[in-house]
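Novice: requesting a structural model of the entry that follows:
(one chain, ligands or ions: 2)
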Amino acid sequence: MKTVFSGIQPTGKVHLGNFLGAINNWVDMSNIKNKNYFCVVDLHSLTTHPDPKKMEENILSTVRVLIAAGINLDNSTIYTQSKVSEHAQLSWVLSNFCQIGELQRMTQFKEKSSELGNHAGILTYPILMTADILIHKANEVPVGDDQTQHLELTRNIAERFNNKYGNVFPIPEKTSGKVGTRLMSLRHPENKMSKSADDINGTIYFDDSRDQIIKKFKSSVTDSEDEIRYDLEAKKGISNLIDIFSSIKGITHKEVEKKFSGSKYGEFKIEVGETVAEYIEPIFSKYKSLNEKEILSLLKANLDIAKSSAKETMKEVNGLLGI
Ligand code: AMP
Ligand code: TRP
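Specialist: Ligands and ions are numbered 1, 2, ... in the order given. Model (predicted):
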């Protein structure tokens with residue numbers, strides 16, 4: 001049986017990129033008999049200095065979305081990162097197995113450091129992510145493409161620790177979605193779709209209505225040609241729409257091109273919008289139907305499971321370190 005770990009930040013509303021890049025895979029993995037940990041990584045979100053008054057609400061809403069998306073709760077432990085202090089402890093230990101230069105070379109660090117105030121948290125972020133993954137000795141990490149580099153670093157850190165102290169950690173593998181694991185903004189297809197509130201028309205949120213979704217797709221930025229063809233260089237907007245359609249329908253880019261050959265961009269946009277609305281609507285209605293008390297009691301029970309697994313690993317690590 002494999003151990004799976006993945007995380008999501010409670011920094012805003014869950015969006016289509018989260019579903020197609022990560023959460024759909026989490027659902028699949030939870031339906032085969034893995035031991036799954038899905039963590040709301042509030043410590044990571046501190047790098048963006050989020051509003052403390054909204055933290056608890058955002059954490060709960062994220063958990064609710066994960067359940068509504070269909071994660072099989074029988075095989076999964078869903079919990080909040082900061083409640084298991086071993087994440088931060090292991091992160092400190094592992095920071096001694098990572099070069100500053102490696103952290104400075106991370107694309108996400110280069111992209112975000114000046115925007116977020118150039119603090120050390122954004123630099124050491126991937127070490128905390130490494131600790132998240134290794135604290136439960138995960139073998140598989142289902143994440144979107146934007147996290148590939150971080151996972152490579154995780155593997156290197158785990159190998160270095162193992163070389164010094166014996167075979168403690170499995171070397172984790174990245175699990176990717178079937179197609180299209182980096183969704184781009186509908187308005188700025190050169191940027192990835194994200195939770196950030198400054199691009200609400202470029203992002204499809206889990207609670208968008210059908211009308212909002214269709215409107216966002218209708219106004220999505222494409223190009224001046226009129227050919228539905230996958231070309232990430234010359235046709236970023238159309239390629240993104242092809243990615244979305246193929247991911248939800250489970251078909252290849254070529255099959256999408258064939259299906260829409262001769263169609264106008266306008267028709268294609270509406271069809272993709274309708275497909276997305278059909279995908280999002282049941283998740284949002286399930287979200288609304290979930291009972292808050294039940295979620296809280298699930299979180300409490302799951303926290304005990306996460307704590308006991310993390311404590312076991314930390315005990316072993318501390319023993320090896322002689323502390
Ligand atoms: P975040 O919202 O940054 O906490 O990301 C949670 C998960 O969603 C991670 O596995 C990310 O790789 C994935 N993800 C976030 N944004 C996108 C995107 N635009 N396309 C694909 N996957 C994404
Ligand atoms: N860094 C991830 C993101 O920004 C979130 C994350 C934190 C994560 N810890 C993790 C993902 C561990 C997978 C495994 O999306």
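
Novice: in the lengthiest helix in the chain, what counts as buried?
Specialist: Counting residues, the longest helix found in the chain (DSSP state H) is helix 292-321. Neighbour-count burial for helix 292-321, counted by 16 or more other CB atoms under 10 Å, picks out 298, 299, 302, 303, 305, 306, 309, 310, 313, 314, 317. For every residue, glycine as well, the C-beta is placed using N, CA and C.

Novice: and the fourth one, what does it touch?
Specialist: Taking CB atoms under 8 Å, 6 or more residues apart in numbering, we find residue 303 in contact with 79, 80, 83, 84.

Novice: which one of those is nearest ligand 1?
Specialist: Using CB to the nearest ligand atom, the shortest approach to ligand 1 within these belongs to residue 80, at 13.5 Å.

Novice: I'd say that closest one and residue 59 touch.
Specialist: Yes - applying CB atoms under 8 Å, one finds residue 80 in contact with residue 59, separated by 5.7 Å.

Novice: so which bits of the stretch 51-200 of the chain are right by ligand 2?
Specialist: 129, 132, 133, 141, 143, 147 (CB under 6 Å from any ligand atom).

Novice: next, format the residues you listed as JSON lines and append neighbour count, pLDDT and distance to ligand 1.
Specialist: Listed next are these as JSON lines, based on neighbours: other CB atoms under 10 Å; pLDDT from 0 to 100; distance: CB to the nearest ligand atom, whole Å:
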{"residue": "129", "neighbour count": "23", "pLDDT": "98", "distance to ligand 1": "10"}
{"residue": "132", "neighbour count": "26", "pLDDT": "98", "distance to ligand 1": "12"}
{"residue": "133", "neighbour count": "30", "pLDDT": "98", "distance to ligand 1": "12"}
{"residue": "141", "neighbour count": "23", "pLDDT": "97", "distance to ligand 1": "8"}
{"residue": "143", "neighbour count": "24", "pLDDT": "93", "distance to ligand 1": "4"}
{"residue": "147", "neighbour count": "22", "pLDDT": "94", "distance to ligand 1": "4"}
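
Novice: for the stretch 101-250 of the chain, what spans make up the helices?
Specialist: Ranges of helices in the stretch 101-250 of the chain, per DSSP state H, counting those that start in this stretch, are 107-112, 120-135, 148-165, 210-218, 236-249.

Novice: angle of the third one against helix 292-321?
Specialist: Looking back up the chat, that one is helix 148-165. 40 degrees (axes from the mean of the first three to the mean of the last three CA atoms, to 10 degrees).

Novice: which strands and helices sit next to helix 148-165?
Specialist: Judged by 3 or more CB pairs under 8 Å, 6 or more residues apart in numbering; DSSP states H and E, the packing partners of helix 148-165 are helix 100-104, helix 107-112, helix 120-135.

Novice: stretch 243-255 near ligand 1 anywhere?
Specialist: No - judged by CB under 6 Å from any ligand atom, stretch 243-255 makes no contact with ligand 1; its nearest approach is 9.1 Å.

Novice: buried residues of that stretch, list them for me.
Specialist: Neighbour-count burial for stretch 243-255 [16+ other CB under 10 Å]: 243, 244, 245, 246, 247, 248, 253.

Novice: separation between the third one and residue 176?
Specialist: Spelled out, that is residue 245. Distance from residue 245 to residue 176, counting by CB to CB, to the nearest Å: 18 Å.
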